[in-house]
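In: Attaching a predicted model along with its sequence, questions to come.
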Protein chains: 2
Amino acid sequence: MSCGPRLVQELRQAGFRVTPQRGVILEAVSHNGGHQTAQQVFDQARRRLPGLNLATVYRALDTLHRAGLIDLLPNGSDLVRYGLHDPSHPHGHLICRSCDDIQEIGSDSVQRLAAALKRTSGFSLDVGHLTLVGLCDRCAAKA
Amino acid sequence: MSCGPRLVQELRQAGFRVTPQRGVILEAVSHNGGHQTAQQVFDQARRRLPGLNLATVYRALDTLHRAGLIDLLPNGSDLVRYGLHDPSHPHGHLICRSCDDIQEIGSDSVQRLAAALKRTSGFSLDVGHLTLVGLCDRCAAKA
DNA sequence: AACCTAGATGCAAGTCTTTGCAGGTACGAG
DNA sequence: CTCGTACCTGCAAAGACTTGCATCTAGGTT
């Protein structure tokens, strides 16, 4: 896992400090294939750093997010989940408001929307971690 | 204000009951031009229904949202705000993650994205109340 | 290598929102 | 018009997340 080097480089570059807490928390985020809740990250990280506090986890998750190391998945109806941000595989998420299913979308159509918004409103859409809410095909068929 | 008839019709149609609390809460949402927080809705609604409870406000807002009467504006960093849903004027919101400014967007480009998603993934995007996060032109210029 | 300071952490208390439960009410059936 | 019950509400307590403050530490400076 190449977390270590990336952590140091990207945190420093964004003007944040490299601390053991942030290292352990970043590793915990990727545990079990990602998509962890804050509490799960906390439980996992505390095994390696017993004194760790939940408030620190929330602050570190925010910091790592702002440094571009992790993505937020605000699930609408469920808890917020966190995942490693992989710049070599940019994608958005489609979340079904009925069954909470998450599917990924490639960024082609999103890129086109972003370009249109930039042109018409000057707004820079966050393409890297975009989350869209609606109905998946199965739930749409029911309604 | 045509809240009354719409309230009765749309709540019933969605299988919910029409209660005085829901009526007062719906009116409170539209107070001051909309975009109210839950607390503001509570303060406003309690003037007409003194016994009203904050938990009821949250439950009613959820119910009214699911019945299609109000929109949610999850502001990312700030509190969630609520507004009347106007089917004759569908639009999305662009929220700046840096300064929390909200601007509206017409649905043209959003409609195109929705059509593309439907085609490629079978996913039905909620076009009526779409909220996109990014940087507004001023904050993008700073960064 | 020792020092300084902005920034990070731990703790505790605070907000915002949700949930469980007991009693109350809308509204369709009789 | 009255009844019955599924759905709502109020209350209190929990859950999720944030914030204020004192202490500590990463990492640049000397």
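Out: Okay, I see it.

In: mind checking the SS state of the closest residue to A:Ala116 other than its chain neighbours?
Out: Leaving out its chain neighbours, the residue that sits closest to A:Ala116 by CB to CB, 6 or more residues apart in numbering or on different chains is B:Ser109, at 4.1 Å. C-beta coordinates here come from the backbone N, C-alpha and C atoms, glycine included. Taking DSSP: H, G, I helix; E, B strand; the rest coil as the rule, one finds B:Ser109 in the helix state.

In: and if you look at A:Thr56?
Out: helix.

In: for it, what are its contacts?
Out: Contact analysis of A:Thr56 by CB atoms under 8 Å, 6 or more residues apart in numbering or on different chains lists A:Gln21, A:Ile25.

In: and with 7 Å instead?
Out: Each residue near A:Thr56 by CB atoms under 7 Å, 6 or more residues apart in numbering or on different chains is listed here: A:Gln21.

In: Compute the number of surrounding residues for A:Ala141.
Out: Neighbour count of A:Ala141, defined by other CB atoms under 10 Å in any protein chain shown: 10.

In: That one and chain B: what is the separation?
Out: With distances taken as CB to the nearest CB, to the nearest Å, A:Ala141 is found 9 Å from chain B.

In: Do a quick rundown of the strands in chain A.
Out: A:36-37, A:70-74, A:80-84, A:92-96, A:102-105, A:124-125, A:131-135 (DSSP state E).

In: In a markdown table, list these along with mean neighbour count, distance to DNA strand C and mean pLDDT.
Out: Below are the strands of chain A laid out as a markdown table (neighbours: other CB atoms under 10 Å in any protein chain shown; distance: least, CB to the nearest atom of the strand, whole Å; pLDDT from 0 to 100):
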| stretch | mean neighbour count | distance to DNA strand C | mean pLDDT |
| --- | --- | --- | --- |
| strand A:36-37 | 19 | 14 | 89 |
| strand A:70-74 | 21 | 12 | 79 |
| strand A:80-84 | 19 | 12 | 85 |
| strand A:92-96 | 21 | 15 | 78 |
| strand A:102-105 | 15 | 19 | 78 |
| strand A:124-125 | 20 | 24 | 86 |
| strand A:131-135 | 20 | 14 | 80 |
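
In: Could you dump those strands into JSON lines and include distance to A:Gly51?
Out: Below are those laid out as JSON lines (distance: least, CB to CB, whole Å):
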{"stretch": "strand A:36-37", "distance to A:Gly51": "20"}
{"stretch": "strand A:70-74", "distance to A:Gly51": "22"}
{"stretch": "strand A:80-84", "distance to A:Gly51": "21"}
{"stretch": "strand A:92-96", "distance to A:Gly51": "34"}
{"stretch": "strand A:102-105", "distance to A:Gly51": "33"}
{"stretch": "strand A:124-125", "distance to A:Gly51": "40"}
{"stretch": "strand A:131-135", "distance to A:Gly51": "33"}
